[in-house]
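Only the shape, not the letters, is given here:
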């Protein structure tokens, strides 16, 4: 199987889907690997480093001729022309956010494997490290954009406690998963107060136990509680993600209007559509805009801003799956590995993820029925 590592085209995206170390694992297993020129530069990996591990450096067009194309994010619209029948595209594709790319993949007969929908032992194991990074960085961005020069309230989120008692900011975090706890931990490290809004009762108990000695309040998620708590936020971070599907707009414009002027609103799951009515995708180079008097931060690829760390994390997670696909062939790998099967969103043009199908009102096929 010919495997290609392509350079990301998304603005500000410095990650690469495969490290030189992982290229060596593939070539040692007898697989041919091609790497697009400068694909790893943003993460600190030179072309020479890949060549030393057995890869051939190629052009963008040549990379897309591969049987298995390994990416970080969804293909850019300029890359749709390279899709070919039975080609496998691997990455954090977030296909629920774009019907156009799904229809193009269906038309050509592409197989799309989305790392964010791979579930193992009840957990999104490949997404978790990226969620952790996005959560931590969101807390930092909230502090940064709270400053007056960025249009924020002009507050120092830490407060001041040297001979005076100026309280820190309040972070309201919507959702209680990996991204949320990582955001909360950074906010607590900044001496901020944290409110977490969570739906699941078992998770609420877990969070209450986890933060029993900290300045954290855990609130049951209801529309009424959300509307009440968002008014307290100096920084509001939404972490809600529904695997494979586009989430509902739970944070309404009216709720945003009720927020403090100059407060900061961040949606970590904007790459899947987001849960905030007033949010839209932004970029790492132009990350914020003001609406309803609130600073909106809608960067969909936050880990791309810290590519060295992020690349090492995602590469550790994906290599075993990629090796299994290459060693066994995709069909057998899917049959042998239930977790891998959960990542197959489209198989040879057929939608095999129920959340994705419902997001775009498309026919759904169970993956094991399709390949039998």
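Yep, that arrived. From a predicted model like this one, the values you see are computed outputs, not experimental measurements. Numbering: from 1, shown residues only.

beta partners of residue 351?
Note on residue 351: beta-bridge partners by DSSP bridges are residue 346.

can you start the count at 42 instead of 1 from here on
Renumbered: residue one is now 42, and that last one reads residue 392.

quick one: it from residue 406, how far?
Distance of residue 392 to residue 406, computed by CB to CB, to the nearest Å: 7 Å. Yep, even glycine has a C-beta here, placed from its N, CA and C like the rest.

try residue 296
38 Å.

okay, the two: which has more neighbours?
residue 296 (22 against 17; other CB atoms under 10 Å).

Looks like the more buried one contacts residue 266 (just checking).
No: the criterion here is CB atoms under 8 Å, and residue 296 misses it with residue 266 at 11.4 Å.

pLDDT score for residue 228?
Note on residue 228: pLDDT of 98.

I meant residue 288, not that one.
Value listed for residue 288 in the pLDDT field: 84.

can you list the domains in the protein?
43-165+348-412, 169-346 (automatic domain parsing).

buried residues in stretch 272-290?
For stretch 272-290, a neighbour-count test (16 or more other CB atoms under 10 Å) marks 273-288 as buried.

Nearest to residue 57 among the residues you listed?
Relative to residue 57, the closest of those is residue 282; by CB to CB it sits at 23.5 Å.

how close does the closest one sit to residue 101?
In this view, residue 282 and residue 101 are 30 Å apart by CB to CB.

likewise residue 316?
To residue 101, residue 316 is 35 Å away according to CB to CB.

my read: residue 171 touches residue 352, true?
No: Residue 171 is not in contact with residue 352 according to CB under 8 Å; the separation is 10.7 Å.

Return the list of helices and strands in contact with the host helix or strand of residue 366.
Per DSSP states H and E: residue 366 is located in helix 348-369. On a contact count with 3 or more CB pairs under 8 Å, 6 or more residues apart in numbering; DSSP states H and E, helix 348-369 meets helix 61-69, strand 109-114, strand 129-133, helix 168-185, helix 371-377, helix 379-384.

mind running it again at 7 Å?
Judged by 3 or more CB pairs under 7 Å, 6 or more residues apart in numbering; DSSP states H and E, helix 348-369 is in contact with helix 61-69, strand 109-114, helix 168-185, helix 371-377.

Poorly predicted segments of the stretch 42-191 of the chain, please.
In the predicted model of the stretch 42-191 of the chain, no residue satisfies pLDDT under 70.

Just the element for the residue nearest to residue 271 when sequence neighbours are not counted, please.
Nearest residue to residue 271, sequence neighbours excluded (CB to CB, 6 or more residues apart in numbering): residue 296, at 5.1 Å. Using DSSP H and E, residue 296 sits in helix 294-298.

Now do that helix: which elements does it pack against?
By 3+ CB pairs under 7 Å, 6+ apart, helix 294-298 packs against helix 264-271.

quick one: average pLDDT of the helix it packs on?
The pLDDT scores in helix 264-271 average 98.

quick one: buried residues of it?
Neighbour counts using 16+ other CB under 10 Å place 267, 270, 271 of helix 264-271 among the buried residues.

who's in contact with that helix?
213, 236, 238, 260, 277, 291, 296, 299, 300 (CB atoms under 7 Å, 6 or more residues apart in numbering).

Could you look up the next helix or strand downstream of that helix?
strand 276-279.

what are the pairing partners of that next one, and which direction each?
Here strand 276-279 is paired, per DSSP bridges, with strand 211-215 (parallel), strand 305-308 (parallel).
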